[in-house]
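K.L.:
no FASTA, just this:
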């Protein structure tokens, strides 16, 4: 449904995309991950016909995003990082206006607006000015605006940023429902658990290039083995503990100073755990907790980009 072949884009001396290739099958979710400045939003704008690529080609449902831009716009929906809704209009008026911009008749625009408001749980607030909506309600309304045209492809650029945990879970459930109905989704997100839960496949980009692709399980398996996690009692012993862990396999541990927690790849599993316990005991470094766990997408992201999720937000 979405095909991107060798797409490149520069802004002056800054190369935002350096030859990106990706494919999204119909009725699936592709999670697009990467640190700030990796090129995610630029790729979204190319696919949404807001930027022309300098090189390469992208198609959606067979339509070229440059040559067939009008046709592409008729089959996609886009929800950006910030809710693009009119504060003065009511929720219903916002969606009906979008329907009219899609050149729907008044009756059809009103019906689709009502359907979207119902699906998003906003019917009771349909006649209230949007300026009275909470942040979560505004995000849901913005998503509703992208659905009025009943798009075959939906592009969501960090759709749950700033939402409280309950509203985020509600949004996830709604996105799952859209995919079950056959919608194809391209999702960028700073929440790795969101990609883990929603995405059929994940693409990680950095410095404008794809650096990894696969299912969540495949990416975790590529990391290899388990992760050793340690919580040190004394904050002033963290650096020493990190040096000891690095000496086990040569990998630099991830350090969370606030939580006094260190984690490092444990390719030998139990042997790494036993070795770490012995080292800490010999160095008289007290620990609150030590153990093995399966890798998370956070671990994958850090291994691939050298940055934690905080720097990707």
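P.N.:
Arrived safely. Computed from a predicted model, the values in this text were never measured in an experiment.
K.L.:
What distance do you get for the most far-flung residue of the chain relative to its centre to residue 30?
P.N.:
The centre of the chain is farthest from one residue, residue 282, which by Cα atoms, centre = their mean lies 42.9 Å away. Distance of residue 282 to residue 30, computed by Cβ to Cβ, to the nearest Å: 48 Å. Placement of C-beta: from N, CA and C, glycine included.
K.L.:
And the pLDDT at the residue farthest from the centre of the chain?
P.N.:
At residue 282, the model reports a pLDDT of 93.
K.L.:
Check residue 193 too.
P.N.:
Residue 193 is given a pLDDT of 86.
K.L.:
Is it in a helix, a strand, or coil?
P.N.:
helix (DSSP: H, G, I helix; E, B strand; the rest coil).
K.L.:
How many residues are close by it?
P.N.:
Residues near residue 193, counting by other Cβ atoms under 10 Å, number 14.
K.L.:
And the helices in this structure?
P.N.:
Secondary structure of the chain (DSSP state H): helices at 40-47, 69-75, 91-101, 106-119, 135-147, 165-180, 192-198, 216-223, 238-249, 270-282, 297-305, 309-312.
K.L.:
Save the ones you listed as TSV, and put in distance to residue 129 too.
P.N.:
Below are the helices of the chain laid out as TSV (distance: least, Cβ to Cβ, whole Å):
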stretch	distance to residue 129
helix 40-47	29
helix 69-75	28
helix 91-101	9
helix 106-119	15
helix 135-147	12
helix 165-180	20
helix 192-198	30
helix 216-223	41
helix 238-249	51
helix 270-282	58
helix 297-305	39
helix 309-312	35
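K.L.:
Please name whichever of those helices is nearest to residue 126.
P.N.:
Ranking those by distance to residue 126, with Cβ to Cβ as the measure, places helix 91-101 first at 4.2 Å.
K.L.:
other SSEs contacting that closest one?
P.N.:
When contacts are defined as 3 or more Cβ pairs under 8 Å, 6 or more residues apart in numbering; DSSP states H and E, helix 91-101 sits against helix 106-119, helix 135-147.
K.L.:
From the recorded domain assignment, give the ranges for the protein.
P.N.:
2-220, 225-294 (automatic domain parsing).
K.L.:
so which of these gets nearest residue 305?
P.N.:
That would be domain 2-220 among these, by Cβ to Cβ, at 5.1 Å.
K.L.:
now the end-to-end length of that closest one.
P.N.:
By Cα to Cα, to the nearest Å, the extent of domain 2-220 from end to end equals 25 Å.
K.L.:
Off-centre distance for that domain?
P.N.:
Put simply, domain 2-220 sits 11 Å off its chain's centre (Cα atoms, centre = their mean, to the nearest Å).
K.L.:
May I have the residues that are in contact with residue 185?
P.N.:
Neighbour list for residue 185: 28, 29, 30, 153, 154, 155, 156, 175, 178, 179, 198 [criterion: Cβ atoms under 8 Å, 6 or more residues apart in numbering].
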